[in-house]
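>>> just need the structure, nothing else, for what follows:
(chains A and B)
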Amino acid sequence: EDQVTQSPEALRLQEGESSSLNCSYTVSGLRGLFWYRQDPGKGPEFLFTLYSAGEEKEKERLKATLTKKESFLHITAPKPEDSATYLCAVRHNTDKLIFGTGTRLQVFP
Amino acid sequence: DTGVSQDPRHKITKRGQNVTFRCDPISEHNRLYWYRQTLGQGPEFLTYFQNEAQLEKSRLLSDRFSAERPKGSFSTLEIQRTEQGDSAMYLCASSWRGDKTNTGELFFGEGSRLTVL
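Residues are numbered from 1 along each chain as shown, chains lettered A, B, ... in the order given. Sure thing, here's the model as predicted:
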């Protein structure tokens, strides 16, 4: 059964303190790994899609990487506006996305 | 196009009442998904449509839940005889699925928050 596990559940960072969020997955035939950002009371906002091991994508202070068993979302020099829940998902063979429980990031000035 | 729209954004109802949510997807998208999210959890898949055809339903979707997409455009999700356990955020998402193009990204609306008293 396809499964996504994210760690840590919560992360508190000082502004400028770089860190990484982890997403480990088990899926029969990866057809895409997705990262989303979700602000409180809002819907998830699409960030990245990764398709194969070794692939990397960047957007501002965020960089997503993928191996055969996990993905990392690296946050470089975060700012308070980066505070949000970051969700990871894998694409099932029926095209639905299966989500992890997310990492709640808080960045303090 | 301004993205996926959901209505209402908030709904408070008493146990036993029926509620209906509406979702308007991005206009050129042929796939529409419904997810449910409770506090501290990731979105859980409920069902999805390609055009007007409902292609998959989760076992989470009890017989009190029904979803429709009658003309392949907007969709409704109805919950009959609501229970307190139905309290959650109901998220709608859409995507484009073509014969050769299928990148898989889902674009979500802002959600409809249901509170059952």
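
>>> got the phi and psi for B:A53?
phi -90, psi 130 (degrees, to the nearest 10).

>>> for chain A, what are the nearby residues on chain B?
B:4, B:31, B:33, B:40-45, B:48, B:55-56, B:91, B:93, B:97, B:102-111, B:113 (C-beta under 8 Å from any C-beta of the partner chain). C-betas here are computed from N, CA, C, even on glycine.

>>> list the beta-bridge partners for A:F72.
A:N22, A:T65 (DSSP bridges).

>>> surely it is in contact with A:S18?
No. A:F72 lies out of contact with A:S18 (C-beta atoms under 8 Å); the separation is 12.0 Å.

>>> of the two, who's got more company?
Each of A:F72 and A:S18 has its neighbours counted (other C-beta atoms under 10 Å in any protein chain shown); A:F72 has more, 17 against 11.

>>> mind checking pLDDT for the more buried one?
Looking at A:F72, its pLDDT is 98.

>>> can you pull the contacts of it?
Listed by C-beta atoms under 8 Å, 6 or more residues apart in numbering or on different chains, the contact partners of A:F72 are A:20-23, A:64-65.

>>> can you select the buried ones among the residues of chain B next to chain A for me in PyMOL?
For the buried members of those, the matching PyMOL selection, counting by 16 or more other C-beta atoms under 10 Å in any protein chain shown, is:
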select buried, chain B and resi 4+31+33+42+43+44+45+48+56+91+93+97+104+105+106+107+108+109+110+111+113
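
>>> so A:L66 touches A:L73, yeah?
No. Look at A:L66 against A:L73 with C-beta under 8 Å: they stay out of range, at 10.5 Å.

>>> which residues touch B:K14?
B:K14 sits next to B:82, B:116-117 when contact means C-beta under 8 Å, 6+ apart.

>>> how close does A:T67 sit to chain B?
Distance, A:T67 to chain B, by C-beta to the nearest C-beta, to the nearest Å: 19 Å.

>>> that residue: neighbouring residues, count only.
A:T67: 12 neighbours (other C-beta under 10 Å).

>>> just B:T82 next, same as before
Neighbour tally, B:T82, other C-beta under 10 Å: 21.

>>> nearest residue to it other than its sequence neighbours?
Spatial nearest neighbour of B:T82, excluding adjacent residues (C-beta to C-beta, 6 or more residues apart in numbering or on different chains): B:V116 at 4.7 Å.

>>> so for that neighbour, what pLDDT did the model give?
B:V116 is assigned a predicted lDDT (pLDDT) of 98.

>>> in stretch A:57-72, what's buried?
Buried residues in stretch A:57-72, counted by 16+ other C-beta under 10 Å: A:62-66, A:70-72.

>>> kindly export it (C-alpha atoms) in CSV.
Provided in CSV are the C-alpha atoms of stretch A:57-72 (Å, rounded to 0.1, in the frame of the first residue of the first chain):
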residue,chain,number,x,y,z
LYS,A,57,13.9,21.9,-8.2
GLU,A,58,14.2,25.3,-6.6
LYS,A,59,12.0,28.2,-5.9
GLU,A,60,13.2,31.2,-3.9
ARG,A,61,14.5,29.9,-0.6
LEU,A,62,13.1,26.3,-1.2
LYS,A,63,14.9,23.4,-2.9
ALA,A,64,13.3,20.0,-3.3
THR,A,65,15.4,16.8,-3.9
LEU,A,66,14.4,13.2,-4.5
THR,A,67,16.0,9.8,-3.9
LYS,A,68,14.5,6.4,-4.4
LYS,A,69,13.0,6.3,-1.0
GLU,A,70,12.7,9.9,0.2
SER,A,71,12.5,13.5,-0.6
PHE,A,72,13.8,16.6,1.2
